[in-house]
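Participant: here are the coordinates; sequence isn't available:
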């Protein structure tokens, strides 16, 4: 027997399918939503529908946008000669936050991962190659995550870019700013020593 | 500048208003929702609307229901002479799970809490008094949470019920089953000793 009305059970089920949301949390969220004033619950439902229907991938860099072209690609003050390759739109957000990068992006929407059956053709690599082949690109910065899959993807792409006259770089590894040597893992320390720079 | 399309930012904002959901989690959830197949995102939005529009309070006990009367009140095999008073519908669920209680419920939808400006008239106490005044009730079991506000509410209600010929009890305090003396707090231990029973 369900103790709650079926519409409420259904909403709890829906919340429970979200990543990182367990049954108890789903219950808490569902109760909160039905306790909202009518208008606000409706707003919530509409936000889901709108986001799903209006958000698409930028025709150039595949970042998320609600137009044809994303805000970065539309911005004429951004350099077109440098492309920063990230695995997902959250990567764009992270790099933008640093205010250091003035070029464009390319969002792969995934990384090569044999474990989960994601091959090179399952992510947006050929769109990147096409952009580079079109010319005008001087440098491609690989900014996939510093893990095995991100590394593999970066290496794979850098091999594909060999035939083109383009510099392929990747983000520097090292000790995080504000971090402590004591807590740095061996692999990071090794990379930090390898990549040491002159004052 | 927002880095994400406005519809996506809006959905992130909406998720971030949910209790216990921070900005990062809201982002993760919103990204997940827009990555769902069309139908499923739509189902999610509809689940919110449906739950909000179809769930109401039982006309008798104020538990949540999608009809006029909730499943417990509709069940003729439940004793009508015993009412278990809980602060919210999750309390009903908890007590039902124990399979120990065969009476009816009364859901207060809150507890008296001077700190957050919730007085006796802000929760559903008068509906309870009306039920008891109607007669046929032999016992009222107070099952509000064992904290200051739950206690206060229970005491307040038990005073209001004095004029009626009805037994007012409350759930026993004590060591949780499977718990360990070592980890029981002083207040619980004190209550457990106070409430000790003969073998």
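Facilitator: In hand now; what should we look at? Quantities reported herein were computed from a predicted structural model and do not represent experimental measurements. Residues are numbered from 1 along each chain as shown, chains lettered A, B, ... in the order given.

Participant: When you work out contacts or count neighbours from here on, use the C-alpha atoms and nothing else.
Facilitator: Noted.

Participant: Show me what from chain A comes close to chain B.
Facilitator: A:3-8, A:10-11, A:14, A:18-19, A:28-29, A:32-35, A:38, A:41-42, A:44-52, A:54-55, A:64-66, A:71, A:92-93, A:96 (CA under 8 Å from any CA of the partner chain).

Participant: which among those end up buried?
Facilitator: A:3-8, A:10-11, A:14, A:28-29, A:33-34, A:41-42, A:44-52, A:54-55, A:64-66, A:71, A:92 (16 or more other CA atoms under 10 Å in any protein chain shown).

Participant: From the residues you listed, which land in helices?
Facilitator: Using DSSP state H, A:6-8, A:10-11, A:14, A:28-29, A:33-34, A:41-42, A:44-52, A:54, A:71, A:92 are the members of these that sit in helices.

Participant: So which residues of chain A form helices?
Facilitator: Using DSSP H, helices in chain A cover A:6-16, A:23-35, A:38-54, A:71-74, A:89-97, A:125-133, A:148-160, A:186-194.

Participant: now the ones you listed in TSV, with distance to residue B:149?
Facilitator: As requested, the helices of chain A are exported to TSV (distance: least, CA to CA, whole Å):
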stretch	distance to residue B:149
helix A:6-16	27
helix A:23-35	20
helix A:38-54	28
helix A:71-74	51
helix A:89-97	43
helix A:125-133	59
helix A:148-160	52
helix A:186-194	51
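
Participant: can you put those helices in JSON lines and add distance to residue B:116 and mean pLDDT?
Facilitator: Below are those laid out as JSON lines (distance: least, CA to CA, whole Å; pLDDT from 0 to 100):
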{"stretch": "helix A:6-16", "distance to residue B:116": "27", "mean pLDDT": "91"}
{"stretch": "helix A:23-35", "distance to residue B:116": "17", "mean pLDDT": "91"}
{"stretch": "helix A:38-54", "distance to residue B:116": "22", "mean pLDDT": "89"}
{"stretch": "helix A:71-74", "distance to residue B:116": "44", "mean pLDDT": "91"}
{"stretch": "helix A:89-97", "distance to residue B:116": "38", "mean pLDDT": "85"}
{"stretch": "helix A:125-133", "distance to residue B:116": "55", "mean pLDDT": "95"}
{"stretch": "helix A:148-160", "distance to residue B:116": "49", "mean pLDDT": "92"}
{"stretch": "helix A:186-194", "distance to residue B:116": "49", "mean pLDDT": "78"}
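
Participant: got a list of what whichever residue of chain A sits closest to chain B touches?
Facilitator: Using CA to the nearest CA, residue A:45 is the residue of chain A that sits closest to chain B, at 4.3 Å. With contact set as CA atoms under 8 Å, 6 or more residues apart in numbering or on different chains, residue A:45 has these partners: B:44, B:45, B:46, B:48, B:49.

Participant: how close does it get to residue A:67?
Facilitator: Using CA to CA, to the nearest Å, residue A:45 is found at 22 Å from residue A:67.

Participant: measure the residue nearest the centre of chain A to residue A:109 for me?
Facilitator: Centroid-nearest residue in chain A, with CA atoms, centre = their mean: residue A:88, separated by 2.0 Å. Distance of residue A:88 to residue A:109, computed by CA to CA: 5 Å.

Participant: One more: residue A:158?
Facilitator: Counting by CA to CA, the gap from residue A:158 to residue A:109 is 17 Å.

Participant: And for residue A:42?
Facilitator: On the measure of CA to CA, residue A:42 and residue A:109 end up 31 Å apart.

Participant: residues near residue A:136, how many?
Facilitator: 12 (other CA atoms under 10 Å in any protein chain shown).

Participant: Burial check on the residue nearest to it when sequence neighbours are not counted, number of neighbours?
Facilitator: For residue A:136, ignoring the flanking residues on the chain, the nearest one in space by CA to CA, 6 or more residues apart in numbering or on different chains is residue A:81 at 5.7 Å. Other residues near residue A:81 number 15, with proximity taken as other CA under 10 Å.

Participant: Also residue A:195?
Facilitator: Using other CA under 10 Å, residue A:195 has 11 other residues around it.

Participant: My read is that it contacts residue A:172, right?
Facilitator: Yes - counting by CA atoms under 8 Å, residue A:195 touches residue A:172, with 7.5 Å between them.

Participant: just curious, which of the contacts of residue A:45 is nearest to chain A?
Facilitator: Looking across the contacts of residue A:45 and measuring by CA to the nearest CA, the closest to chain A is residue B:45, at 4.3 Å.

Participant: how close does that closest one get to residue A:57?
Facilitator: 22 Å.

Participant: What of residue A:127?
Facilitator: 12 Å.

Participant: Tell me which residues are up against stretch A:107-127.
Facilitator: With CA under 8 Å, 6+ apart as the test, stretch A:107-127 has contacts from A:61-63, A:85-89, A:92, A:144, A:149-150, A:152-153, A:157.

Participant: One more pass at 6 Å, please.
Facilitator: Applying CA atoms under 6 Å, 6 or more residues apart in numbering or on different chains, the external contacts of stretch A:107-127 come out as A:62, A:63, A:86, A:87, A:88, A:149, A:153.

Participant: same thing with stretch A:77-95?
Facilitator: Residues lying outside stretch A:77-95 but in contact with it, judged by CA under 6 Å, 6+ apart, are A:63, A:102-110, A:136-144.

Participant: Would you mind listing which of the residues you listed are buried?
Facilitator: For the contacts of stretch A:77-95, a neighbour count by 16+ other CA under 10 Å gives the buried set as A:63, A:102-110, A:137, A:139-144.
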